[in-house]
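Visitor: Pasting the sequence and the predicted model now:
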Amino acid sequence: MTILIIGASGFIGNSLFQLLQEKDVIGTYLNRYKDGLIKVDMTNINELDSIFSHNKPEIVYMPAYIPGVDYCEINKESCEINKNGIRNVVDRCKTYGSKLVFFSSDYIFDGENGPYYESDSPNPINEYGKTKLKCEKMIQELDDFLIIRTTVVYGYDVESKNFLMTFVSALKKGMAKKVPIDQIGTPTYVNDLSKITIKLVENKRTGIYNVVGPDYCSRNDFAIKIARIFGLNEDLIIPVTTLELKQAARRPLKAGLLIEKIRKEINARPSGIDEALNKLKDYFK
């Protein structure tokens, strides 16, 4: 079975690629070169046709996405690039009968009444969330697909700008960090996200699944846990409201996702924040 990871040089993509090394796996990159990966622009039909026709993948993991929420709000054409590229991938999955695994977000919800189940009605309030939802709808045209909804994904990756990496970097340099007290979610350890996603594929699941950590907390509470477990200066954490941050894109405040479905169907047990951070702290020494 051939597996293709589009965006294997990114944070989630690299985690998947490392875990699937014993399989027949092919990874792509666009701007972030890594040894062993093939350069593919998913908006370039010829490049996509080439990698699909040569490899005929049975499973396609699709973590590639322009990730910046504020960037997408300011540069709406970038979100269109996301959508157009995913349209091209969906069409090739139809042609080759590939299962497509797409990574979505709790930002498809408005954050008025979270945390959310898979069956709750989306209502995105920013361009990032709107485009993710459009992509979800495209992917549901396929006979065999997985939509993995996740949020606040963190872990160790020196090239990643995930919350953990940027926060620890700032505090180690003695820089104060403003952290919102009113953005509430379900932080997700990247290794758990990848392992559970792979298990869902191996169990031949289809449809929409939430894959997040079990803890429901604010970004500020998450930051305090990081500082305490990593022995960093908590006084550098400046609690603020989202309004004070003046972010370009509106944030769903009471967001996050519920994971009863993965617990019931595949007995998934993702790590809590304390457990995951204690696994990670040695990487930062």
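Guide: Right, received. Where do you want to start?
Visitor: Now do the strands in the protein.
Guide: In the chain, strands defined by DSSP state E lie at 2-5, 24-29, 38-39, 59-62, 99-105, 145-150, 153-154, 177-180, 184-185, 188-189, 207-210, 217-218, 237-240, listed in chain order.
Visitor: which one of these lies closest to K261?
Guide: The closest of those to K261 is strand 207-210. By CB to CB, the value is 6.0 Å. Bear in mind the C-beta positions are built from the backbone N, C-alpha and C, glycine included.
Visitor: for that closest one, which positions count as buried?
Guide: 208-210 (16 or more other CB atoms under 10 Å).
Visitor: pLDDT weak spots in the stretch 1-150 of the chain?
Guide: Nowhere does the stretch 1-150 of the chain drop to pLDDT under 70.
Visitor: quick one: the helices in it?
Guide: Ranges of helices in the stretch 1-150 of the chain, per DSSP state H, counting those that start in this stretch, are 11-19, 45-55, 69-74, 76-96, 127-139.
Visitor: Buried residues, the second one. List them.
Guide: Of the residues in helix 45-55, 47-48, 51-52, 55 count as buried by neighbour count, 16+ other CB under 10 Å.
Visitor: Next: the longest one.
Guide: Neighbour-count burial for helix 76-96, with 16+ other CB under 10 Å as criterion, is recorded at 78-79, 81-82, 85-93.
Visitor: Could you do stretch 177-190 as well?
Guide: Buried residues in stretch 177-190 (16+ other CB under 10 Å): 177, 179-180, 182-190.
Visitor: for the stretch 151-285 of the chain, what are the low-confidence residue spans?
Guide: In the stretch 151-285 of the chain (pLDDT under 70), no residue qualifies.
Visitor: quick one, what contacts F163?
Guide: 152, 154, 187, 219, 222 (CB atoms under 8 Å, 6 or more residues apart in numbering).
Visitor: burial measure for the first one, as a count.
Guide: I take that to be V152. Look at V152: counted by other CB atoms under 10 Å, it has 22 neighbours.
Visitor: wait, doesn't it sit right on T188?
Guide: Yes. Counting by CB atoms under 8 Å, V152 does reach T188; the two are 6.0 Å apart.
Visitor: Mutual contacts of the two, please.
Guide: Common contacts of V152 and T188 (CB under 8 Å, 6+ apart): V212.
Visitor: picking that back up, looking at the helices of the stretch 1-150 of the chain, which is nearest to I108?
Guide: Once those are compared by CB to CB, helix 127-139 is nearest, at 4.6 Å.
Visitor: residues making contact with the closest one?
Guide: 68-69, 72-73, 76, 79-80, 82-83, 86-87, 90, 100, 102, 104-105, 107-109, 122, 124, 145, 147, 208, 249, 252.
Visitor: distance between it and the chain's centre?
Guide: How far helix 127-139 lies from its chain's middle: 14 Å, per CA atoms, centre = their mean, to the nearest Å.
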